[in-house]
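[1] Please work out how this folds:
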Amino acid sequence: MVFDTSQVTHHPAIEEIVELICNRTQNTDKNFFRPMVAFFLGKIASNMRVTTISKDRGEVPVNIYACVLGASGFGKGYSVSVMENEIINQFKQNFFEDVFPQVAEDGLWKLANKKAAAKGTDPNEEHEKVLTEFKRLGAYPFTFDSGTAPAVKQLRQKLLMASCGAISTQVDEIGSNLVSSTEILNLFLELYDQGQVKQKLTKNTAENQRSEEIDGKTPANMLLFGTPSKLLDGGSTESDFYSFLETGYARRCIFGYGTANRKAFHTLSAAQIYNNQISPQNTSTIAKWSDHFGELANKSFFEWKVYINDAVAIKLLEYKIYCEKIADSLPDHEEINKAEISHRYFKAMKLAGAYAFIDKQTYMTELHLLQAIKLVEESGECFKVIQAREATYEKLAKYIASCDGELTHADLHEQLPFYKSGSAARNEMMNLAKAWGYKKNIIIKHRYAEGIDFFKGETLQQTDIQKIKLSYSTDWTSDYKYEEVPFNSLHKLTQIPDHHWCTHAFLDKYRNEKNAIPGFNVVVLDIDGDTPIEVTKELLKEYTYHIHTTKRHTAEVNRYRIILPINYTLTLDAEEYKEFYQNLLQWLPIKADEATGQRSRKWATHPGEVYTNEGELLDVLPLIPKTSKNDDFKKINASSENLPNLEKWFIRKMQHGNRNNYLLQYALILADSGFQLKNATDAVLAFNKKLQNPLSEDEIEQTIFKTLSKKYE
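    A predicted model of the protein is given here:
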């Protein structure tokens, strides 16, 4: 069974008030506002001591816990202010002027008569004592934002004596106030289900006498709201928050998560936005619900009973089974998610009870339940967002990439609360950040100078093969025009005579190293050696390339250029580019001109032979200086530094397996390079011995040499 509530609309009180708040805050993301409004509906119902009654669960108080997070500037404080000062203001006024005094007076007389009957004393005398104690317990706060557990229990004692009202707390900036609210949060864990809590035993003295314990229920409401960046900071605050979720708040809270989404307002003029904010419809909505809630603050609605008939109770049970099946399908380590999902039915029942009371209905309808389920399911989606929080190393990688210039450990420790001071912990986090960043196109460069570690990050932009960056001119140094061209049109440049081009753009179009503007997505290699073009084509067959001959190319002397687009646009300074180019030459399986590692290097065009191929873009991450991937690349090269580039090329490939196939490719390359059969077989055997796990000579004879002999035949 799937509970599809897509065709169900939210309760009018939720939807109309949320629409009003969206107009006021110029924010269209309702995932924050709906749970917040639901909290206030629960607050109204619980102060009137509304309960749901069913045959299977008995009597359950209606109350709401909500945890809503929104980015800074979302309108959190403003929306709460609208609810308190414009929407439920009449309810609060009528409740304190009419309902609470009347109900409390009745409650105190009941308590006095009960004591008088038990002791055989005068009811009037007992009433005086009860009234004195009631006043001694202080004024009743409709809402509080902080406190202590003894103070809350004292307030609870007052409400038990009055038999009216609810305990309601609203904690703003929960990220900053979580630790200071620990005592209250622990107490509210007990209060949620039935509004009951165990008393703490204190020493009874003449100055501090214990109050007589009164049996009863005091419903509690809680609203926690703030910014996710403060709460989910990757440090101790986040750890404490998830500890509370695991302890029980995951199953108790309705969650909201909002992001500032004002796109719908960006197309409007200031006058249109202003008119929306002062629209008569807004005034009408405020008046409608303020009056309606004010009417509910009437003694005739006190202790309202919302009955759940058999059909609705069965529907609720079906939802409970549905939630538990989903929870049971989750792995054991997802304890918080399992708890949140398996208890959604209970949150839905309490919220549906509030809806029924708002509608002045004595029976919960199926629509009330489905409307509550819809909001609770949306709450579950918001909880997923909260659960999918960034790991600390993700935040570290993003932070380093967002900063200009280099950072030290001291900088990171000062700016990031989760960055540890211990070398082992921070090194582990940095390594994780580098590994995560590698998958997310973020590189973190690391250098060590004078005993200090320096880190610099960059978010890489993937290369668009239709936008190859280059500049060109008919002059050696001046008037270099920058352009982005499709790679498959590159021949139009390389084949025209008397032109020069570069892989970088230049300030004032003047070509020199000082004027080079960082940012390139293609590399050029100049081949002046014995490697035939056919061999190069075979070696680079898996890559996208453009090869063209230069004016000194002949059948006997191989002179050509290889142009390779790279998978990311890199922004390297002059020194970094030189080191990068040296790494590129180490990667290349053939010999290339080593005096070409300048960003301002120009390449002459020539109408000659052209060869192109479509394949992968060259992965440059292992070649970027001062990165962990480059360190790995250098280690591999260092282990085979005495080998020719061609042998290094195949050794790197053999790390991924299939040694026989790569050794055969090596043999065929030797043949194409002009080796005699005997020389080629000797070279293959010699190369095989250099491998960590060489093939047996028998296997080479039966497979590789047979194929090689056929090629020579």
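[2] Which residues are in contact with Thr569?
    Leu460, Gln461, Gln462, Thr463, Lys469, Gly519, Phe520, Asn521 (Cβ atoms under 8 Å, 6 or more residues apart in numbering). (C-beta placed from N, C-alpha, C; glycine too.)
[3] try Ala271
    Per Cβ under 8 Å, 6+ apart, neighbours of Ala271: none.
[4] If any of the contacts of Thr569 are buried, put those into a PyMOL selection.
    Buried residues among those (16 or more other Cβ atoms under 10 Å), as a PyMOL selection:
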select buried, resi 460+463+469+520+521
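[5] Need the contacts of Thr569 in a markdown table (columns: secondary structure, pLDDT and distance to Tyr545).
    Formatted as a markdown table, those follow (DSSP: H, G, I helix; E, B strand; the rest coil; pLDDT from 0 to 100; distance: Cβ to Cβ, whole Å):
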| residue | secondary structure | pLDDT | distance to Tyr545 |
| --- | --- | --- | --- |
| Leu460 | coil | 91 | 21 |
| Gln461 | strand | 92 | 21 |
| Gln462 | strand | 93 | 18 |
| Thr463 | coil | 95 | 14 |
| Lys469 | strand | 96 | 17 |
| Gly519 | coil | 95 | 21 |
| Phe520 | strand | 97 | 16 |
| Asn521 | strand | 96 | 14 |
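[6] Tell me the one among the contacts of Thr569 nearest to Ser176.
    Leu460 (35.4 Å; Cβ to Cβ).
[7] ranges for the strands of the stretch 501-650 of the chain?
    With strands called from DSSP state E, counting those that start in this stretch, the stretch 501-650 of the chain shows them at 505-506, 516-517, 520-529, 545-549, 558-570, 603-604, 610-613.
[8] Also compute the angle for the third one relative to strand 545-549, please.
    Here strand 520-529 points in a direction 40 degrees away from that of strand 545-549 (axes from the mean of the first three to the mean of the last three Cα atoms, to 10 degrees).
[9] what comes up buried for strand 520-529?
    Buried, per 16+ other Cβ under 10 Å, within strand 520-529: Phe520, Asn521, Val522, Val523, Val524, Leu525, Asp526, Ile527, Asp528.
[10] Closest one of the residues you listed to Arg344?
    Proximity of these to Arg344 (Cβ to Cβ) peaks at Asn521, which lies at 49.5 Å.
[11] what residues are up against the closest one?
    Asn521 touches Thr463, Lys467, Ile468, Lys469, Pro565, Ile566, Tyr568, Thr569, Leu570, counting by Cβ under 8 Å, 6+ apart.
[12] how far away is it from Ile547?
    For Asn521, the distance to Ile547 equals 18 Å [Cβ to Cβ, to the nearest Å].
[13] Then Phe520?
    Counting by Cβ to Cβ - Phe520 and Ile547 are separated by 19 Å.
[14] Repeat that for Cys403.
    When Cys403 is compared with Ile547 (using Cβ to Cβ), they lie 40 Å apart.
[15] Glu183 now?
    According to Cβ to Cβ, Glu183 and Ile547 sit 73 Å apart.
[16] out of these two, which sits in the busier spot?
    Remark: of Glu183 and Ile547, Ile547 carries more neighbours, 21 against 15, as counted by other Cβ atoms under 10 Å.
[17] which residues does the more buried one form a beta bridge with?
    Bridge pairing for Ile547 (DSSP bridges) gives the partners Ile562, Tyr611.
[18] who's in contact with it?
    By Cβ under 8 Å, 6+ apart, the neighbours of Ile547 are Ile533, Thr536, Lys537, Tyr560, Arg561, Ile562, Ile563, Val610, Tyr611, Thr612.
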